[in-house]
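for reference, the sequence and a predicted model appear below.
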Amino acid sequence: MSEDEKNPARQVITDYAQEHFRYFRTVDGTVYAQKNGHPVARPIRSQGTTGSHRQELMVGLFRDGLGVFNGTALKEALDLIEALALTEDVQPTHIRVAPGFDGATWLDLGRDDGKSVRIHPTGWDILTPDPREVCWRRTQLTGEMPLPVKDTDGKGIDLLMRLCNFASAQGESLALAWLVGCLGPSAPVPAPFLTGPQGAGKSTAGRMLVRIIEGMSGDLRRAPKDEENLITAVAAGWVTALDNLSHLSPDLSDLMCCIVTGAETIKRALFTDGDVVRSRYRRPLLLTGIDVGVIRPDLAERLLPLRLERPRVRRTEAELWAEFEEVLPVILGSLLDLTVKVRATDADIPTDLRMADFAHLCAQLDAATSLGALDAYRTSLDDLNDDVIEGDLLAQTVLKHAEGIDPGTAVRMTSAEWLHGLTQLYGGEDFRPLPKGWPTTGKVLSDRLKRLQPVLAARGVVVDWGRNKTARYIELTRPAPSADEQSPMF
């Protein structure tokens, strides 16, 4: 085809695209195309199986009678459109949950017609969002959700709890708090860790919780063997659920902390030498397993243990999931009603817990329903601290040493002196061998104590670091009891 014949084709495609689509860029420079009046945006460079902009542009040109164009004309037109879009305003894209105007948030139902749920201070509605307010990004992990039912009067919550086997009302309240938190686009939520004996329905309950947010196509998956694959899966969906965990390596534990509270990874862009691709992620995480061994302290602060019990009556998978799918619209409607009610409730923000946003949500849930979620959250963190201490011989030795310190007294020593003293205390008179992983230098000891600092503080032992004229030191203190604790009880 001659050059004169190419130019008109390229111009036809460009004119059609600018008439029927809106083009914009995200903060990382990726250019997206959004069909006029539709909230779903697709990156123009994507060749994904969920439908690329190139494909929808080709289909639109063909159906509107403008013909079929070759790849060269399409490429040249899209190159020009991409260059023009880089001068447009920046707008973010979102997966499943997004902030909206006037304090509202949106929930993508994953439907072809773009219908979504707008959760606002006075209620919720099923609407098609204005493309300039919300731009949805879809992947293969974005499943379709049913239209939620209005005016359920909380019936869906009771139906959900009858289908799950939570061992206590406290576990039920924490599961509800987590589900409400998953509908928030910005505040991090701790990761539920579903535990219990074999046959307690941990995987089934995990799937149910995930499918309330992700639709019936949502499922659990095995933990990927490398960090890059897990980050890719996390960035492509909203709720990430890992099933049947039996061990948490230090790298996986650190990565889970990043997923819960948010982080960013950067890697080299393909076919370039100097460009990079940024991947931001902060997603709700759910885990199941019987026992994962020793839990690191920083991950323990981001977990939400939910214990399940074995059901008294067994049901077939087909029967159970048929019932769940039938009642899912009611469950989702009740969850949305509860979310509106919780967000409209005022409550004090607890200042003593690390994940203050979730603690505040629990306080709001208690004020709205009197479920006792905040007390249950504190109890769960206390139990996790016990688990960390039981699995860490250094923490046990530090607490044993602290028993000999008078309340209100601070003991200062260098890290090497602390290492020598704690090693002697652990070995005892019989000089028992040191366990694997015991600190071998003062620097290693100092780093381990920094990880254990929140756990030890929860048990009344404060660890701090400082420097005097001669050297750095580590200070161990048992705070004196407050006046309220010292006053006699009558």
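The structure has been received and is ready for your questions.

secondary structure class for V330?
helix (DSSP: H, G, I helix; E, B strand; the rest coil).

just give the nearest non-adjacent residue to it, would you?
Ranked by CB to CB, 6 or more residues apart in numbering and with sequence neighbours excluded, the top spatial neighbour of V330 is G156, at 4.1 Å. From N, CA and C alone the C-beta is placed, and that goes for glycine too.

does the one you found belong to a helix or a strand, and which?
Counting by DSSP states H and E, the element that carries G156 is helix 155-163.

let me know the angle separating the very next helix or strand once past that helix from helix 155-163.
Moving toward the C-terminus from helix 155-163, the first helix or strand encountered (DSSP H and E) is helix 169-182. Taking axes from the mean of the first three to the mean of the last three CA atoms, to 10 degrees, one finds helix 169-182 and helix 155-163 inclined to each other by 130 degrees.

what residues sit buried inside helix 169-182?
Buried positions in helix 169-182, judged by neighbour count with 16 or more other CB atoms under 10 Å: 170-182.

rebuild these as JSON lines, extending it with distance to T26 and pLDDT.
Output for the buried residues of helix 169-182, formatted as JSON lines (distance: CB to CB, whole Å; pLDDT from 0 to 100):
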{"residue": "Q170", "distance to T26": "41", "pLDDT": "94"}
{"residue": "G171", "distance to T26": "39", "pLDDT": "94"}
{"residue": "E172", "distance to T26": "39", "pLDDT": "95"}
{"residue": "S173", "distance to T26": "38", "pLDDT": "96"}
{"residue": "L174", "distance to T26": "35", "pLDDT": "96"}
{"residue": "A175", "distance to T26": "34", "pLDDT": "96"}
{"residue": "L176", "distance to T26": "33", "pLDDT": "96"}
{"residue": "A177", "distance to T26": "31", "pLDDT": "96"}
{"residue": "W178", "distance to T26": "29", "pLDDT": "97"}
{"residue": "L179", "distance to T26": "29", "pLDDT": "97"}
{"residue": "V180", "distance to T26": "28", "pLDDT": "97"}
{"residue": "G181", "distance to T26": "25", "pLDDT": "96"}
{"residue": "C182", "distance to T26": "23", "pLDDT": "96"}
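
nearest to I331, of the residues you listed?
When the buried residues of helix 169-182 are ranked by distance to I331 (CB to CB), L179 comes first, at 9.4 Å.

tell me how far that closest one lies from W136.
21 Å (CB to CB, to the nearest Å).

contacts only, for P454.
P297, E301, R354 (CB atoms under 8 Å, 6 or more residues apart in numbering).

pretty sure the first one sits against V455.
Okay, so that is P297. Yes: if you go by CB atoms under 8 Å, P297 and V455 touch, sitting 4.8 Å apart.

neighbour-wise, which of those two wins?
More neighbours sit around V455 than around the other of P297 and V455, counting by other CB atoms under 10 Å; the figures are 25 against 22.

wait, the more buried one touches V388, no?
Yes: counting by CB under 8 Å, a contact exists between V455 and V388, whose distance comes to 5.1 Å.

list residues touching both of the two?
Common neighbours of V455 and V388, counting by CB under 8 Å, 6+ apart, are P297, A300, A395.

between these, which is closest to E319?
Using CB to CB, A300 is the member of these that lies nearest E319, at 37.3 Å.

how many residues are close by the closest one?
22.

which ones are touching the residue lying closest to it once chain neighbours are set aside?
Spatially, and ignoring its direct neighbours in sequence, A300 is nearest to L384 (4.2 Å; CB to CB, 6+ apart). Remark: with contacts taken as CB under 8 Å, 6+ apart, L384 is in contact with I295, A300, E301, L303, P305.

secondary structure element for L384?
Remark: L384 resides in helix 373-390, with elements defined by DSSP H and E.

distance between that helix and the chain's centre?
In terms of CA atoms, centre = their mean, to the nearest Å, the centre of helix 373-390 is set 20 Å apart from its chain centre.

identify each buried residue in it, please.
Neighbour-count burial for helix 373-390, counted by 16+ other CB under 10 Å, picks out A373, L374, A376, Y377, S380, L381, L384, N385, D387, V388, I389.

in strands only, show me the contacts of P454.
Secondary-structure check on these using DSSP state E: no residue lies within strands.

format the residues you listed as a markdown table; extra columns: pLDDT and distance to T105.
Listed next are the contacts of P454 as a markdown table, based on pLDDT from 0 to 100; distance: CB to CB, whole Å:
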| residue | pLDDT | distance to T105 |
| --- | --- | --- |
| P297 | 86 | 32 |
| E301 | 89 | 26 |
| R354 | 86 | 24 |
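
if we can go back for a sec, wait, which of the buried residues of helix 169-182 is closest to D130?
The nearest one, if we look at the buried residues of helix 169-182 relative to D130 and count by CB to CB, is C182, at 23.8 Å.

show me what contacts that closest one?
Residues V97, V189, I213, W238, V239, P284 are the ones in contact with C182 under the rule CB under 8 Å, 6+ apart.

with R96 instead?
Taking CB under 8 Å, 6+ apart as the criterion, R96 is in contact with L107, D108, G110, T142, I213, E214, G237, W238.

cool, V388 as well?
Applying CB under 8 Å, 6+ apart, we find V388 in contact with V294, I295, R296, P297, A300, A395, L452, V455.

let's see which of these end up in helices.
In helices, judged by DSSP state H, the following of the contacts of V388 are found: P297, A300, A395, L452, V455.

save those as a markdown table, and put in distance to P407 too.
Listed next are the ones in helices among the contacts of V388 as a markdown table, based on distance: CB to CB, whole Å:
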| residue | distance to P407 |
| --- | --- |
| P297 | 24 |
| A300 | 26 |
| A395 | 20 |
| L452 | 20 |
| V455 | 19 |
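
of those, closest to Q91?
Set against Q91, the nearest of the ones in helices among the contacts of V388 by CB to CB is A300 (38.0 Å).

what's the separation between that closest one and R354?
Relative to R354, A300 is positioned 10 Å away (criterion: CB to CB).

follow-up on the earlier one: farthest-apart pair in the contacts of R96, please.
Checking those against each other with CB to CB, the farthest-apart pair comes out as L107 and G237, at 14.1 Å.

which one of those two is surrounded by more residues?
Neighbours around L107 and G237, counted as other CB under 10 Å, are more numerous at L107. The numbers are 25 against 21.

that older thread, out of the contacts of P454, who's nearest H120?
Nearest to H120 among the contacts of P454 is R354, at 30.0 Å by CB to CB.

quick one, what contacts the closest one?
Applying CB under 8 Å, 6+ apart to R354 gives the contacts E301, P454.
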